[in-house]
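**Q** No sequence on hand, only this structure:
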Ligand SMILES: Cc1cc2nc3c(=O)[nH]c(=O)nc-3n(C[C@H](O)[C@H](O)[C@H](O)COP(=O)(O)O)c2cc1C
């Protein structure tokens, strides 16, 4: 029987999805049966949409709920939760140094227990730069739901703090990947190609141990 892998993620600006897709391709290449599912964020109190404008005010709106660990309504279909997997990979974007609210909401719910209890899980954090606390919190919450941690990795944007911040602000403002912001040449928005290659290698390594 092929090893069964679930990649469960949330993605607002498609970077976690890009990493998930690269991992799925790699798992399939290693002979695994892969399901890729997104957590749906369906809470009217916490709508989030592009363009994310003005960026400063929009970011500020998320500061408090993120820092105090507020949760909202999320949806993962029952068929996904009931599946029998050899490995569950959890993909989490960073919002204000923490896992994005939809991830925390799922991991604090009974559905997470149904999915993770007694199962192996891996974590991949996706963000501009601040991955550490995100990955740590996802690991902690998933372990609390009965999962067994087997590996983690982080995939960040190209450039340093300032360069990646400029790409982020430009993209969120325009909902487009522009070459310049206020006349300054900026990096392409999102996880660098090197990160995508690393995501494939990360999945291949996880597959080896299945
Ligand atoms: C509300 C919000 C807060 C964020 N806070 C951080 C942060 O504290 N540190 C960081 O490195 N990136 C931060 N980011 C950037 C995201 O991690 C980055 O855009 C990433 O691509 C999100 O994943 P996604 O594209 O799958 O949605 C933030 C993004 C949003 C929308």
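**A** Now that the structure is in, tell me what you want to look at. As the structure is a prediction and not an experimental result, all values here were calculated from the model.
**Q** ok, what's across the strand from the residue nearest in space to the middle of the chain?
**A** By C-alpha atoms, centre = their mean, the chain has its centre lying nearest to residue 92, at 2.4 Å. Judged by DSSP bridges, the bridge partners of residue 92 are residue 125.
**Q** Next, the contact list for it, please.
**A** The neighbours of residue 92, taking C-beta atoms under 8 Å, 6 or more residues apart in numbering as the test, are 9-10, 16, 99-100, 103, 123-126, 134-135, 138. Glycine gets a C-beta too; all of them are placed from N, C-alpha and C.
**Q** The residues you listed: which two are farthest apart?
**A** By the measure C-beta to C-beta, 10 and 135 form the most distant pair in the contacts of residue 92, at 14.5 Å.
**Q** More neighbours: the two, which one.
**A** More crowded of residue 10 and residue 135, by other C-beta atoms under 10 Å: residue 10, with 25 against 20.
**Q** Give the full set of residues in contact with that one.
**A** Counting by C-beta under 8 Å, 6+ apart, residue 10 has contacts 16, 38, 39, 41, 74, 91, 92, 93, 100, 102, 103, 106.
**Q** so how far is the helix or strand containing residue 202 from its chain's centroid?
**A** Using DSSP states H and E, residue 202 sits in helix 193-208. The chain centroid and the centroid of helix 193-208 are separated by 15 Å, computed with C-alpha atoms, centre = their mean, to the nearest Å.
**Q** That one packs against which elements?
**A** helix 15-29, strand 87-95, strand 120-127, strand 148-156 (3 or more C-beta pairs under 8 Å, 6 or more residues apart in numbering; DSSP states H and E).
**Q** what's the closest of those to residue 197?
**A** Going by C-beta to C-beta, the one of the helices and strands packed on helix 193-208 nearest residue 197 is helix 15-29, 7.9 Å.
**Q** what's the angle from the closest one to helix 193-208?
**A** 40 degrees (axes from the mean of the first three to the mean of the last three C-alpha atoms, to 10 degrees).
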